[in-house]
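Participant: No sequence on hand, only this structure:
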């Protein structure tokens, strides 16, 4: 194993978050040495991985994009290749690409309390060779999805199916659906994107499908939104690019925050609003009642956005159909439902959800001792008890990921400056009294509930509560008094000792919640 160099900070992941973190390190901590470790062969993260037809953002790009780099494309919900180009441009313009180590996967991370530094074991994903890299601070910007293993719903009888079976996470480049019958299993953001895209010729390599069926066990809240933000276009005509960007971001942040609060506080009115809009487009109240009216309230799970009502349009003109039923079994010609109906299909797409993975699979150790993540609390949505000099980037679930990510990047730089000023080599957040544990991601979505018990948790009050409110976070996060919560770590530190008394039996409660 070859010994490598030492840097001040290692950022894990070269996606939208990792590139943003690198920018903040460069601009707010000049002179800080850093490296970005990316397990894949290119940057972009999610936007490099997913290649299925129509892949796009489900948040507006004026807020999903960076505050320091205006989004100049006219589309508010942008396609994957455009977002990938945007990330690449950002990395190149600011010299961030020179700090990225591609095909570098962190397979071991151990913090030495005596030396006050991390030793990382990094594997070359092409050659399999391993090397070590040391750093003072470790920052995970790898998101919380498992890039290598999607959720496997164990579909009954799937081995008997004679057609093509595809998962969106690993879309075959040579798959041609021209003139074919396609069934998309699922009703989340991926499914509602795929259905109209497959009917319009999803890429240069494939023509349009003959018919697409979206098969769902239960309905999802779906809202039609304009593909282009007309108000944003007017603002860009009267203001300079930089000023227009900030005004549009502020406008969209205010709207998304207000709409989320409306859904949370007045769920019945929100249900009426969304079903009314869907009925107006589809013209069939019974269709909306049967297939687009979930039992849960809006924003108890993430709301799906469809640009220019594209999903509703293909359903209305009968090129696509939505079926709400359960799968009895796959059969050679397609899928037999619990109702007895058989959906014939040449291609079945299993848009059945993603699998969660904490910190890109990194299992942090302290002085050789593995830290039990499920026993820890997250402070200010960033640092974590039990793990010194470590932060994780967690975006919003009810708004653009990047809004919270950028606050976390800036908080990390503030922590680094405070450590330098106080002369502390290693710090960890300390729980200041009893906390009632809550799941880190407070969403009822199946992909969250399946795995969230393995993640650290949040508490029931600040600074341990992971709020879903950018306005409050932007006012309070960076004003946090670090000296009141962060404590120095000395040799012999016991991971998690600072959590004593913070919710006895909390791990059992969280495992139960996430079951």
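Facilitator: Arrived safely. Keep in mind that what you see is a predicted model, and the values were worked out from it rather than measured.

Participant: For residue 249, which three-state class applies?
Facilitator: For residue 249, the secondary structure call by DSSP: H, G, I helix; E, B strand; the rest coil comes out as helix.

Participant: So what does the closest residue to residue 80 other than its chain neighbours look like in phi/psi?
Facilitator: Computed as C-beta to C-beta, 6 or more residues apart in numbering, the closest residue to residue 80 that is not its neighbour in sequence is residue 55, at 3.8 Å. The way it works is simple: take the backbone N, C-alpha and C, and place the C-beta from them, glycine included. Taking degrees, to the nearest 10, you get phi -50, psi 130 for the backbone angles of residue 55.

Participant: Residue 7 versus residue 55, what's the distance?
Facilitator: Noted for residue 55: a distance of 33 Å to residue 7, by C-beta to C-beta, to the nearest Å.

Participant: who's more crowded, those two?
Facilitator: Set residue 55 next to residue 7 and count neighbours by other C-beta atoms under 10 Å: residue 55 wins out with 24 against 17.

Participant: need the contact list for the residue nearest to residue 394 when sequence neighbours are not counted.
Facilitator: Once flanking residues are discounted, residue 394 sits nearest to residue 381: 5.4 Å by C-beta to C-beta, 6+ apart. Going by C-beta atoms under 8 Å, 6 or more residues apart in numbering, residue 381 touches 394, 404, 407-408, 458, 466-467, 473, 477.

Participant: from those, which is closest to residue 348?
Facilitator: Set against residue 348, the nearest of the contacts of residue 381 by C-beta to C-beta is residue 394 (33.2 Å).

Participant: Give me the neighbour count for that closest one.
Facilitator: Residue 394: 24 surrounding residues under other C-beta under 10 Å.

Participant: in terms of contact, does it touch residue 404 like I think?
Facilitator: Yes: the criterion here is C-beta atoms under 8 Å, and residue 394 meets it with residue 404 at 6.7 Å.

Participant: Show me the domain layout of the chain.
Facilitator: 2-148+355-513, 158-350 (automatic domain parsing).

Participant: ranking the ones you listed by burial, who's on top?
Facilitator: Per residue and on average, the most neighbours among the domains of the chain fall to domain 2-148+355-513, with a mean of 19 (mean count of other C-beta atoms under 10 Å).

Participant: what's the average pLDDT for stretch 410-425?
Facilitator: In this model, stretch 410-425 has a mean pLDDT of 97.

Participant: Residue nearest the middle of this protein, spatially speaking?
Facilitator: Residue closest to the average C-alpha location in the chain (C-alpha atoms, centre = their mean): residue 143, at 5.7 Å.

Participant: follow-up on the earlier one: for the contacts of residue 381, work out which two are farthest apart.
Facilitator: Those two in those that are separated most widely, counting by C-beta to C-beta, are 407 and 458, at 15.5 Å.

Participant: Low-confidence ranges, the stretch 351-500 of the chain, go.
Facilitator: 442-453, 500 (pLDDT under 70).

Participant: Strands of that one, residue ranges please.
Facilitator: Along the stretch 351-500 of the chain, counting by DSSP state E, counting those that start in this stretch, strands occupy 364-366, 369-370, 378-379, 383-384, 390-392, 427-429, 438-439, 457-458, 486-488.

Participant: And the stretch 151-300 of the chain, by the same measure?
Facilitator: Under DSSP E, counting those that start in this stretch, the stretch 151-300 of the chain gives strands at 164-166, 181-185, 211-216, 222-225.

Participant: Neighbouring strands of the first one in the sheet, and parallel or not?
Facilitator: As defined by DSSP bridges, the strand partners of strand 164-166 come to strand 347-350 (parallel).

Participant: What average pLDDT does the strand it pairs with get?
Facilitator: For strand 347-350, the per-residue pLDDT averages 96.

Participant: For residue 220, give me the pLDDT.
Facilitator: The model reports residue 220 with a pLDDT of 93.

Participant: dump the residue contacts of it.
Facilitator: By C-beta under 8 Å, 6+ apart, the neighbours of residue 220 are 187-188, 192, 292, 294, 301, 304.

Participant: between those residues, which is nearest residue 282?
Facilitator: Residue 282 has its nearest neighbour among those in residue 292, at 7.8 Å by C-beta to C-beta.

Participant: thought the closest one was touching residue 275?
Facilitator: Yes: taking C-beta under 8 Å as the definition, residue 292 is a contact partner of residue 275 at 7.1 Å.

Participant: Quick one: distance of stretch 109-117 to the chain centre.
Facilitator: Remark: stretch 109-117 is offset 29 Å from the chain centroid, using C-alpha atoms, centre = their mean, to the nearest Å.

Participant: actually stretch 334-348, not the one I wrote
Facilitator: Relative to the centre of its chain, stretch 334-348 is centred 31 Å away, using C-alpha atoms, centre = their mean.

Participant: Repeat that for stretch 374-384.
Facilitator: Distance of stretch 374-384 from the chain centroid (C-alpha atoms, centre = their mean) equals 17 Å.

Participant: End to end on that stretch, go ahead and measure it.
Facilitator: Stretch 374-384 has an end-to-end distance of 11 Å (C-alpha to C-alpha, to the nearest Å).

Participant: do stretch 137-151 as well
Facilitator: Start-to-end span of stretch 137-151 (C-alpha to C-alpha) is 32 Å.

Participant: Give me the average confidence score over it.
Facilitator: 85.

Participant: next one: stretch 255-264
Facilitator: Mean pLDDT, stretch 255-264: 92.

Participant: got the residue ranges for the helices in the stretch 251-400 of the chain?
Facilitator: For the stretch 251-400 of the chain, the helices defined by DSSP state H, counting those that start in this stretch cover 267-282, 285-291, 310-316.

Participant: Now do the first one: which elements does it pack against?
Facilitator: Going back to what we said before, that points to helix 267-282. The contact analysis (3 or more C-beta pairs under 8 Å, 6 or more residues apart in numbering; DSSP states H and E) places helix 267-282 against strand 222-225, helix 241-265, helix 285-291, helix 310-316.

Participant: Give me the contact list for it.
Facilitator: By C-beta under 8 Å, 6+ apart, the residues outside helix 267-282 that reach it are 221-224, 262-263, 285, 288-289, 292-293, 297-299, 309, 312-313, 315-316.

Participant: Show me how far that helix is from its chain's centre.
Facilitator: In terms of C-alpha atoms, centre = their mean, the centre of helix 267-282 is found 27 Å from the chain centre.

Participant: between that helix and helix 241-265, what angle do the directions make?
Facilitator: 120 degrees (axes from the mean of the first three to the mean of the last three C-alpha atoms, to 10 degrees).

Participant: returning to that earlier point: pipe the contacts of residue 220 into TSV and attach distance to residue 360 and pLDDT per row.
Facilitator: Below are these laid out as TSV (distance: C-beta to C-beta, whole Å; pLDDT from 0 to 100):
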residue	distance to residue 360	pLDDT
187	28	91
188	22	90
192	27	95
292	35	96
294	31	95
301	24	82
304	26	92
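
Participant: hang on, the earlier thing: could you say which one of the helices and strands packed on helix 267-282 comes nearest to residue 366?
Facilitator: Using C-beta to C-beta, these put helix 241-265 closest to residue 366, at 37.3 Å.

Participant: other SSEs contacting that closest one?
Facilitator: helix 61-64, helix 230-238, helix 267-282, helix 470-476.

Participant: any idea which residue of the chain is furthest from its center?
Facilitator: The chain, farthest from centre, C-alpha atoms, centre = their mean: residue 340 at 36.8 Å.

Participant: Can you list the strands that the helix or strand containing residue 106 pairs with?
Facilitator: Using DSSP states H and E, the element containing residue 106 is strand 104-112. Neighbouring strands of strand 104-112 in its sheet, by DSSP bridges, are strand 117-124 (antiparallel), strand 364-366 (parallel).
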